[in-house]
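S.K.: Just the structure for this:
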Amino acid sequence: MADLFDSTTADTTAGPRPLADRLRPKTLAEVIGQQQVLGPDAPLGTMLSSGSLSSLIFWGPPGVGKTTIARLLADETDLHFVQISAIFTGVPDLRKVFEAAKMRRQNGKGTLLFVDEIHRFNKAQQDGFLPYMEDGTILLVGATTENPSFELNAAVLSRSQVFILTRLDVKDLELLAQRAEKELGKPLPLDGPAREALLEMADGDGRALLNLIEQISAWTTDGKLSTDDLTKRLMKRAAKYDKSGDEHYNLISALHKSVRGSDPDAALYWFARMLAGGEDPRFLARRITRMAVEDIGLADPQAQAVCLQSWETYERLGSPEGELALAQAVTYLALAPKSNATYVAYKGAVAAAKQTGSEPPPAHILNAPTTLMKEQGFGAGYNYDHDAEDGFSGQNYFPETMKRGVYYVPVDRGFERELKKRVDYFAGLRAKRSKN
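M.R.: Numbers count the residues shown, from 1 in each chain. The predicted structure follows:
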């Protein structure tokens, strides 16, 4: 059975209501935060003022107002509001929702269908929305915590606008706390530092903050509580981190780019964030080693060895001591000279290899172990480099039909300064030999 909320069947009987429900905004103007979407000149504000609301996808973390905004959009546009969750809704439930929306439309009333966790619907279920979106039976508003580019069908995305909702900042959370105090009719029994600690515990999630405030308001206290008092009574909320979702990729990207940007402090911060979120240190060891070969390369050939040694140290020590070895590798990489010259050269060589297909090596560098092969000219004219002047023959080693490629261009940093001298030296000898 679908987890379905229909605005015509909502229970209005009196009873205890959670603080988060009691403080739910009545208009879009009351929504805290998300001005990058809701402001007068922002995309959604512009759509509403022009009366041209289209299907929408709200992408953002929990507790930032996705459901609330969807419900208020229905009010603003005089649409019937229906809410379903992709977790609990099957194909038969969707058919009922669409049939009801069709009947409603025949009677002159549109439907705003809010689909929570829309990314949990499979491809066939997502395709099922398309005809009803196209003929105007429903205006779809989907909510997702995952990247829509990866989780939603291209067809659904092409018919929708994606709006990114962000974590509430400290000012937003403080405003929400003040509204809660007004609703409760009393201030929170917290001193200044404890109040700041409470806002940090919410971690940008408005719903989580209101739940914490509701707990605190039920306490019997003498005077104001300190930060120590607060943390003893409340468990710190776990940081949002999904090892297989967006946060996983966002944080490893932040770590990688901090290393590439030569910022050891930021790199260690993101490294610690991932460990605190429960990331497997072996995954981090692998990615750190990749950073060494991709972004440092031959500017510091020792960097790769440092990573492998740190990885091995972690395997021998285990957690938590082994993480320090990985942290040392992160610090070393961040401060190492950077070069992606080999990375770029490799990609260029791969592209050239695909383009030239099955071109054979030049005959003079082919071995000739048989008489037939010698008769075919294999090995003829090969110059043994050790016998050549300067130990360098300058012969061509590319396919005879292929123009000589230049892929490796070392940077003037770290050890690659020396390699650049060697590249230039051999290039000069090659030019000299070609004239002879």
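
S.K.: CA atoms for contacts and neighbours, from now on please.
M.R.: Will do.

S.K.: tell me what the strand or helix carrying residue 76 is packed against?
M.R.: Element membership of residue 76, judged by DSSP states H and E, is helix 66-77. On a contact count with 3 or more Cα pairs under 8 Å, 6 or more residues apart in numbering; DSSP states H and E, helix 66-77 meets strand 80-85, strand 111-116, strand 139-144.

S.K.: Tell me which residues touch residue 190, please.
M.R.: The neighbours of residue 190, taking Cα atoms under 8 Å, 6 or more residues apart in numbering as the test, are 224, 225, 226.

S.K.: Any idea how many residues pack against the second one?
M.R.: In other words, residue 225. 18 (other Cα atoms under 10 Å).

S.K.: ok, now which ones touch residue 398?
M.R.: Here residue 398 is in contact with 361, 362, 404 (Cα under 8 Å, 6+ apart).

S.K.: which among the residues you listed gets closest to residue 100?
M.R.: Distance to residue 100 across those (Cα to Cα) is lowest for residue 404, with 68.7 Å.

S.K.: Look up which helix or strand residue 232 falls in, please.
M.R.: Taking DSSP H and E as the criterion, residue 232 maps to helix 227-233.

S.K.: Name the residues that touch whichever helix or strand comes after that helix?
M.R.: Beyond helix 227-233 on the C-terminal side, the first helix or strand identified by DSSP H and E is helix 246-260. Helix 246-260 is contacted by residues 146-147, 240-242, 264, 266-268, 270-271, 273-274, 288, 291, 295, 330, 333-335, 338 when judged by Cα under 8 Å, 6+ apart.

S.K.: Just the buried residues of those residues.
M.R.: By neighbour count, with 16 or more other Cα atoms under 10 Å, the contacts of helix 246-260 hold 146, 241, 264, 266-268, 270-271, 273-274, 288, 291, 295, 330, 333-334, 338 as buried.

S.K.: Give me the subset of those residues that lies in helices.
M.R.: 264, 266-268, 270-271, 273-274, 288, 291, 330, 333-334 (DSSP state H).

S.K.: will you turn those residues into JSON lines that also has distance to residue 128 and pLDDT?
M.R.: Shown next, in JSON lines, are these (distance: Cα to Cα, whole Å; pLDDT from 0 to 100):
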{"residue": "264", "distance to residue 128": "49", "pLDDT": "94"}
{"residue": "266", "distance to residue 128": "45", "pLDDT": "93"}
{"residue": "267", "distance to residue 128": "44", "pLDDT": "94"}
{"residue": "268", "distance to residue 128": "46", "pLDDT": "95"}
{"residue": "270", "distance to residue 128": "40", "pLDDT": "93"}
{"residue": "271", "distance to residue 128": "42", "pLDDT": "95"}
{"residue": "273", "distance to residue 128": "39", "pLDDT": "90"}
{"residue": "274", "distance to residue 128": "38", "pLDDT": "90"}
{"residue": "288", "distance to residue 128": "43", "pLDDT": "96"}
{"residue": "291", "distance to residue 128": "43", "pLDDT": "96"}
{"residue": "330", "distance to residue 128": "47", "pLDDT": "96"}
{"residue": "333", "distance to residue 128": "49", "pLDDT": "95"}
{"residue": "334", "distance to residue 128": "49", "pLDDT": "95"}
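
S.K.: Would you confirm that residue 267 contacts residue 330?
M.R.: Yes. The pair residue 267 and residue 330 passes the contact test of Cα atoms under 8 Å, sitting 6.8 Å apart.

S.K.: Just give me the residue right at the centre of the protein.
M.R.: Taking Cα atoms, centre = their mean, the centroid of the chain lies closest to residue 250, which sits 3.3 Å from it.

S.K.: Okay, it and residue 270: tell me how far apart.
M.R.: As judged by Cα to Cα, to the nearest Å, residue 250 and residue 270 stand 10 Å apart.

S.K.: How about residue 263, nearest residue that isn't a chain neighbour?
M.R.: Take residue 263 and drop its neighbours on the chain: the residue closest to it by Cα to Cα, 6 or more residues apart in numbering is residue 334, 5.7 Å away.

S.K.: returning to what we had before: wait, which of the contacts of residue 190 is closest to residue 203?
M.R.: Of all the contacts of residue 190, residue 226 has the smallest distance to residue 203: 19.3 Å, by Cα to Cα.

S.K.: how deep is the closest residue to residue 165 other than its chain neighbours tucked in, by neighbour count?
M.R.: Spatially, and ignoring its direct neighbours in sequence, residue 165 is nearest to residue 60 (4.7 Å; Cα to Cα, 6+ apart). Using other Cα under 10 Å, residue 60 has 19 neighbouring residues.

S.K.: ditto for residue 93
M.R.: Neighbour number of residue 93 under other Cα under 10 Å is 16.

S.K.: The one 3 residues further on now?
M.R.: Residues near residue 96, counting by other Cα under 10 Å, number 12.

S.K.: mind listing what's buried in the helix or strand harbouring it?
M.R.: For residue 96, the host element (DSSP H and E) is helix 91-106. For helix 91-106, burial by neighbour count (16+ other Cα under 10 Å) applies to 93, 94, 97, 98, 101, 102, 104, 105.

S.K.: now do stretch 268-287
M.R.: 268, 270, 271, 272, 273, 274, 277, 279, 281, 284, 285.

S.K.: residues contacting the fourth one?
M.R.: Translated: residue 272. Residues in contact with residue 272 (Cα under 8 Å, 6+ apart): none are found.

S.K.: any idea how far it is from residue 392?
M.R.: As judged by Cα to Cα, residue 272 and residue 392 stand 50 Å apart.

S.K.: again, but for the first one
M.R.: Separation of residue 268 from residue 392 (Cα to Cα) stands at 46 Å.

S.K.: try the fifth one
M.R.: Per Cα to Cα, residue 273 is found 52 Å from residue 392.
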